[in-house]
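# let me see the structure of the following:
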Amino acid sequence: MLKISELLSARERKLLTGLSLVVLVALIILVFSIFFWSSKLTGARREAEKGRSELEKISAQADQTKLEFLRWQATAKDLEELKKNAFYSGQQSLDTFRDDLKKLFQQSGLPLPSINYQYEESEKKEFRKLSASFNLRLSYPLLKRFLYQLETWPRLLVLDQINFQKIDNLSGVLDLRLTVAGFYHEEK
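Numbering: from 1, shown residues only. Predicted structure coming up:
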């Protein structure tokens, strides 16, 4: 039996050998290009993953910054609300403070005592303290009622100081010296 190479002429063998070499070189180039482009694609995927993770970090930071900004806006709004409603302001602030204390005593069911008022004079501060000191003689339930009224007052009133001067154990009457403070806000 004859081999295929014996059936071919010398020219056809040369042509077949050349064609085989071209196909072999093309296959080698194809294999190398596949490996080359595969490594390039893998590198591009790694870069894309790095970019995606960086984008996620930046997005999380942006969300956090946005939340913080919204909190600061809410804080600024609360501060404006406090300035408007909780603090005394304007020329009549001391008179308003006095009126509030009178109403506080009326709502607590206590007689209006002699009150000593102090006003903080400071040019450097935007908020100044208004204080009222007075003596009270009352029972413990009336003291609780007065403190409740003080704490729930619409404007910011603070029990600055309380001094128990005398406690009568038999009658339950307390002699106290209280200092109540309010705050005056002045726009600069």
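# just checking the distance from the longest helix along the chain to the centre of its chain.
For the chain, the longest helix by residue count, based on DSSP state H, is helix 10-85. Put simply, helix 10-85 sits 34 Å off its chain's centre (C-alpha atoms, centre = their mean, to the nearest Å).
# just stretch 168-178 next, same as before
45 Å.
# tell me which residues of it come out buried.
Leu174, Leu176, Leu178 (16 or more other C-beta atoms under 10 Å). Yep, even glycine has a C-beta here, placed from its N, CA and C like the rest.
# I'd guessed the second one sits against Asn163; true?
What that stands for is Leu176. Yes - with contact defined as C-beta atoms under 8 Å, Leu176 reaches Asn163; the gap is 6.6 Å.
# did I read that right, Asn163 in a strand?
Yes - the assignment for Asn163 by DSSP: H, G, I helix; E, B strand; the rest coil puts it in a strand.
# next, count neighbours for it.
11 (other C-beta atoms under 10 Å).
# who does it bridge with?
Applying DSSP bridges to Asn163 gives these bridge partners: Arg177.
# that one contacts Asp175, correct?
No - counting by C-beta under 8 Å, Asn163 does not reach Asp175; the two are 9.4 Å apart.
# got the contact list for stretch 73-90?
94, 96-97, 127, 130, 154-156, 182-187 (C-beta atoms under 8 Å, 6 or more residues apart in numbering).
# pull out the buried positions in that stretch.
For stretch 73-90, by 16+ other C-beta under 10 Å, it's Ala86, Phe87, Tyr88.
# can you check stretch 147-158 too?
Going by neighbour count (16+ other C-beta under 10 Å), the buried part of stretch 147-158 is Gln149, Leu150, Trp153, Leu157.
# mind checking how far the first one is from Leu8?
Using C-beta to C-beta, to the nearest Å, we find Gln149 at a distance of 118 Å from Leu8.
# and what of the second one?
Noted for Leu150: a distance of 116 Å to Leu8, by C-beta to C-beta.
# sec struct for Pro111, please.
Per three-state DSSP, Pro111 ends up coil.
# contact partners for the residue nearest to it when sequence neighbours are not counted?
Leaving aside its sequence neighbours, Pro111 sits nearest to Phe105 (C-beta to C-beta, 6 or more residues apart in numbering; 7.1 Å). Contacts of Phe105 were listed using C-beta under 8 Å, 6+ apart, and they are Pro111, Leu112, Pro113, Phe146.
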